Structure formats: structure tokens, C-alpha cells
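A.B. asks: requesting a structural model of the entry that follows:
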Amino acid sequence: MKGIKLALLVFLLFTIALLLPGCKGVVPSPGATEDDTSVTGQILMPFCCLLLDEMEDTEITNQISRYSGSECYDETDIWRPTPGALVELREVDDCKVKYSTTTDEEGNYEFTDVKPGMYILTVYCPTDTGYFLKDVIEKKAGEALDAGIPDCDSTSLAFVLEYIGDTYCHCQIICPCFQNKEWNKEYKLIEKIATSPEVNMQIDIPAILAHEDFGTLCNVDSQGNLIEDDLVDLVCSKLQGCCIGPGATTDGNGNGGDDTPALEVVKTADPTTYYEAGQVITYTITVENTGDMDLTGIVVNDDTADTGPTYVSGDTGADNILSVGETWTYTASYTITEDDLDLTSITNTADATSDEGATDDDTAEVDKLTLTCKGETAWGGDSEGSGAAWWYYFDTSGASTQAIYAGQKLTDGTVTYDNDNNGVLYINLGSAMVLDSSKDHPVKIQGYNTIPSSKPVPGQFTTYKGTSLTIENVGTGYNYYAIHLDVVVLCE
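C.D. replies: Below you'll find the predicted structure:
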């Protein structure tokens, strides 16, 4: 019996010795960590999304009084952390909300016990649930996730993934700026682009999440020119000035991207050739915001223009902000000098700058025509006159605008008859003729009720003689006009 007790004692001591290390905890195997299931981030929204009890300081109250309606959503420079905002998470391929919480006083939120996977995050304006922002986040096992601040790119990406995956879950809750028929058209366009066999669309979800690639879109514009863009940018351009956030573009892990200021200047000339001093060249200058941030303080210069550049159109809302994708149009002019006639062409450059550092320029070239100037006789009108010699006349019962023939050849010049105000004739010599300045009266007109049977003698015309190309008071009682012009035809 004593031997048995001794054996039991030894066994118990051995067992305790084995268990003692366990009291201090088992050393984990290499690579094993405790799973961190949290997802955090911050929400910034417009003042109109702040609850009244959060607006205590005078500065906020004054700014609210200045911004209302759509301006409240547009002015992202005065957005603030948003307390009390509902934040939801749902799996990217499912409409069911998996997790929900609200933001604290600093606009921060936190989800716990979030399982690994890809999620759509949606945050709603506390005072207007029709306004929301979105993000796409990827929760990895064992890693805490800082989702950053939702912005334009993240909202656009979420919309794209929802539409491609057919999980658009907000048919009855649409952002205020999308409450128009055009928004549905844009979504259909996105879906068509993403699925069309005629479009080379490649969508790499991991690359999109890492902001390395937003899906390459190759297509042609209305003029048949090849364009390359991405699907997220296509959506984002529709969100600008509406559902955009002031936060930096993030990859769902708090990694920010930089906004890039950029613009493109395009300059064109009309006409594109010159031949004499005093000729005016009109320039059209367009400035487009091709970057991913709004631009302010736009200044456009032209190095040799006589007048301008002068703003014409394009500033939507007249807010002096060149928004992303927006194009402003300017005009300028230059008058040809005698010195320019010694050149083969003239060039001048327009440039544009912004306060954010964006800059670009473009040059327009106007060629001088090498001319052989030949004096010719011209007649205005579509009707060919009778007799051995060639001539034309204007029949008032025909078209109000008729042609000009010079040297028996049709030109691009025209004559227009206005029956009002006792009759007015407007003569346009076109691009290849000028009046012969060596003649005292290069414009001669005679009205007739019965057209002559042969070419009349211009020197005997009495209705008008002079140099004007707009002739008033030619009378309304005449059926026909013989319009004789002494011109110089310009030939290249």
C-alpha cells in the first residue's frame, strides 16, 4: 500500500510540473495575433448637416446665414466634423446593413467586431437623410482599419461597384443633387459603358481600392477622337459641386492622395490667313480645368493682342471658380500691320494661370497669303443678263440673298436685299475679293422695273454710286437691280 501511495504522489508531482507553465500562458506560435476587428474614420459634412445644438459659436452661425440651399453643399471649404451622423456598413454584394453606428462630437465613428471582407460605407446627413457620402473599404483579418474621410472619389467608386454588382440599394434615397431625370440617365450610361462589348473596360477591384487603377475606359468622342478615361472619374465629374467631401482621396486604409491642379488652354484664329494691313484677326481662347480640384484666380494673357483677352462665357454660377471639367471662353483680337506684310506668318500665344499653380499656354499661327492681285468686274445677282456681253442682275422676286460673279466666275460673295426701310442692299465680298481702291466709285447700282435686253453701261447708273457695301434707300418699287462692282480678286 505504501508503494502505491508513493507512486501516486510522484504522478501528481509530475502532472503539476507539466501544468505550471500553463498558468503563465502558452507562448503563441510564430505569426499568431489577436484579431483586431475595429473600423474607424471621420465624417465631414456641410453646415446644413449640423444639428442646431452643435452650432453654438458665432462664427458658425454667421457662416450658416451666408450659405443656404445648394450653396451649403457646395462650399466645402467651410465643412466641419459632423456629430450624430448615421454610418452604415454593408457587404459590397449585399443590400442588407451589417453594422451601424453614429458619429461622436468630433465626427469620429467606430465599428467593432467587423468580420473580414469588402464593404460599402454610407453616411447620412443628420438633418437631411437624402444627402449622403460613400466609401469602399476592405477589412482584413487581424488588422485595424482607419477608413479616413469619404470624398468624391470614394463616393464615385461605391456607386460604380454598386451598379456593376447590381446592389444599388438607395432607389428611394437619392442625394439631393441627383433628384433629377438626368441622374438616372448617367447611371444607365455607367452601366452601359461597364458592360458594352464595344468598350474596352477592364475593372481590377484590388487596384481600384489601392487607387492604382480606376478601370481603364477606352472610347471615342463625338468627333471620333480616341479618348482614355476611367469609370470612377466619369462618375466623379457628375458629383462635382454637389456630393463631394473635403477629405483627401483614400484607399480605404487612410492613405491619402494628392489633388492635382491642371488646366488646358486652346487658342484658335479667325480668319487663318491675312493679306493686307488693317485686317483684324479674332482669337477664341478656351481654358478648361483638366485637374481634380477647383481653380480660383484665373488670369488669361495674350502676348500681342490689341484687345482682350475678354471673358465671354462658361462660369457656371458666376462664382469665379473654374470647377473641375468646366471650360471658360475668352476672345482677343489683333490688327495686321504693314510690318506683318513682310512676314510669312504671325504667331501669338495665350496663357492662363490659377492661384493653385496650374498653368498652360497655346499658340495660334496665321499665314500670310501670297497674292496675285487682279482687277475684275463683278456683278451681283443670280440671274444671267441677255446680250453678247456677260452680266448678272438681282431679281427681287427671287431669294433675298444672291451670289456675286467676278470675271464670269461664281465667288463666295453675296448680295442681300432688305425690302424694309425703303430698301437696303448689303454686299459681302467674301474671302477672295476687295473693292478696287483705284476706282472713284467701285460700287454702282441701277434699279429697273423692266430689265434691259443687253448689258447696261455702269457709268450711267443713277440709283447709287460710291464705295459703301451697305446701300440704304435704294427704293422698294424696283423689280430688278443691276449691281456693278469693281473688285480686286485675291488669288493664292
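A.B. asks: quick one: what helix or strand has Leu157 in it?
C.D. replies: helix 152-164 (DSSP states H and E).
A.B. asks: and for Tyr405?
C.D. replies: If you go by DSSP H and E, Tyr405 is part of strand 401-406.
A.B. asks: in stretch 448-455, what's buried?
C.D. replies: With burial defined by 16 or more other C-beta atoms under 10 Å, the residues of stretch 448-455 counted as buried are Pro452, Lys455. All C-beta atoms are positioned from the backbone trio N, CA, C, and that covers glycine.
A.B. asks: first-to-last residue distance for it?
C.D. replies: End-to-end distance for stretch 448-455: 13 Å, by C-alpha to C-alpha, to the nearest Å.
A.B. asks: now the element after the strand holding Tyr405, going C-ward?
C.D. replies: Taking DSSP H and E, what comes next after strand 401-406 is strand 409-418.
A.B. asks: and Lys139, its phi and psi?
C.D. replies: Per-residue torsions, Lys139: phi -90, psi 120 (degrees, to the nearest 10).
A.B. asks: what ranges of this structure fall below the confidence cut-off?
C.D. replies: Applying pLDDT under 70 to the chain flags residues 1-35, 47-48, 51-78, 128-131, 151-153, 156, 159-259, 370-373, 491-492.
A.B. asks: that one: helices as residue ranges?
C.D. replies: For the chain, helices defined by DSSP state H occupy the ranges 2-23, 58-66, 70-74, 152-164, 181-195, 205-209, 231-239.
A.B. asks: follow-up on the earlier one: partners of the strand holding Tyr405, with directions?
C.D. replies: The pairing partners recorded for strand 401-406 under DSSP bridges are strand 372-380 (antiparallel), strand 409-418 (antiparallel).
A.B. asks: distance to Val299 and mean neighbour count added to these, as a markdown table?
C.D. replies: Shown next, in a markdown table, are the strands paired with strand 401-406 (distance: least, C-beta to C-beta, whole Å; neighbours: other C-beta atoms under 10 Å):
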| stretch | distance to Val299 | mean neighbour count |
| --- | --- | --- |
| strand 372-380 | 42 | 17 |
| strand 409-418 | 39 | 17 |
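A.B. asks: can you redo the ones you listed as JSON lines with distance to Asp93?
C.D. replies: Listed next are those as JSON lines, based on distance: least, C-beta to C-beta, whole Å:
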{"stretch": "strand 372-380", "distance to Asp93": "74"}
{"stretch": "strand 409-418", "distance to Asp93": "63"}
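A.B. asks: nearest to Leu121, out of those?
C.D. replies: strand 409-418 (63.0 Å; C-beta to C-beta).
A.B. asks: what about the residue nearest to Tyr275 when sequence neighbours are not counted, how many neighbours?
C.D. replies: Among residues not flanking Tyr275 along the chain, Leu369 sits closest, at 4.4 Å (C-beta to C-beta, 6 or more residues apart in numbering). Other residues within reach of Leu369, judged by other C-beta atoms under 10 Å, total 15.
A.B. asks: Leu369 and Gly398, how far apart?
C.D. replies: 33 Å (C-beta to C-beta, to the nearest Å).
A.B. asks: next: Ser100.
C.D. replies: Applying C-beta to C-beta, the value for Ser100 to Gly398 is 77 Å.
A.B. asks: could you do Val280 as well?
C.D. replies: In this structure, Val280 and Gly398 are 33 Å apart, going by C-beta to C-beta.
A.B. asks: equivalent analysis for Leu133, please.
C.D. replies: As judged by C-beta to C-beta, Leu133 and Gly398 stand 65 Å apart.
A.B. asks: pick out whichever of those two has more residues nearby.
C.D. replies: Remark: of Leu133 and Gly398, Leu133 carries more neighbours, 29 against 13, as counted by other C-beta under 10 Å.
A.B. asks: just checking, that one touches Pro46?
C.D. replies: No: the pair formed by Leu133 and Pro46 falls short of the contact definition of C-beta atoms under 8 Å, at 10.6 Å.
A.B. asks: pull the contacting residues for the residue nearest to Tyr275.
C.D. replies: With contacts defined as C-beta atoms under 8 Å, 6 or more residues apart in numbering, Leu369 is in contact with Thr273, Tyr274, Tyr275, Leu490, Glu492.
A.B. asks: can you redo those residues as CSV with neighbour count and distance to Asp440?
C.D. replies: Converted to CSV, the contacts of Leu369 look like this (neighbours: other C-beta atoms under 10 Å; distance: C-beta to C-beta, whole Å):
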residue, neighbour count, distance to Asp440
Thr273, 16, 29
Tyr274, 23, 27
Tyr275, 19, 23
Leu490, 19, 22
Glu492, 10, 29
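A.B. asks: contact partners of stretch 375-388?
C.D. replies: The contact list for stretch 375-388 (C-beta under 8 Å, 6+ apart) reads 390-395, 398-399, 402-407, 411, 413, 415, 427, 433, 436, 438, 451-455, 480-489.
A.B. asks: end-to-end on that stretch?
C.D. replies: Stretch 375-388: ends 21 Å apart by C-alpha to C-alpha.
A.B. asks: just stretch 288-300 next, same as before
C.D. replies: 12 Å.
A.B. asks: got the contact list for it?
C.D. replies: 233, 236, 240, 259-266, 285, 287, 309, 311, 320-328, 330, 350-356, 358.
A.B. asks: next step: those restricted to strands.
C.D. replies: Applying DSSP state E to these, the entries found in strands are 263-266, 285, 287, 309, 311, 321-322, 327-328, 330, 350-353.
A.B. asks: distance of Pro150 from Met45?
C.D. replies: Applying C-beta to C-beta, the value for Pro150 to Met45 is 9 Å.
A.B. asks: what does Val443 give?
C.D. replies: The value you get for Val443 to Met45, if C-beta to C-beta is used, is 70 Å.
A.B. asks: give me the more crowded residue out of these two.
C.D. replies: For Val443 versus Met45, the count of surrounding residues by other C-beta under 10 Å is larger for Met45: 29 against 23.
A.B. asks: isn't that one up against Leu133?
C.D. replies: Yes: counting by C-beta under 8 Å, Met45 does reach Leu133; the two are 7.4 Å apart.
A.B. asks: number of residues surrounding the closest residue to Ile445 other than its chain neighbours?
C.D. replies: Take Ile445 and drop its neighbours on the chain: the residue closest to it by C-beta to C-beta, 6+ apart is Tyr464, 4.1 Å away. Burial of Tyr464 is recorded as 20 neighbouring residues (other C-beta under 10 Å).
A.B. asks: coming back round to it: from the contacts of stretch 375-388, which ones fall inside strands?
C.D. replies: Judged by DSSP E, these include 392-395, 402-406, 411, 413, 415, 427, 433, 480-489 as members of strands.
A.B. asks: so how far is Leu89 from Leu145?
C.D. replies: Leu145 sits 11 Å away from Leu89, taking C-beta to C-beta as the criterion.
A.B. asks: again with Glu138
C.D. replies: Taken as C-beta to C-beta, the span from Glu138 to Leu89 is 12 Å.
A.B. asks: so those two - more neighbours on which side?
C.D. replies: It is Leu89, of Glu138 and Leu89, that has more neighbours when counted by other C-beta under 10 Å, with 22 against 19.
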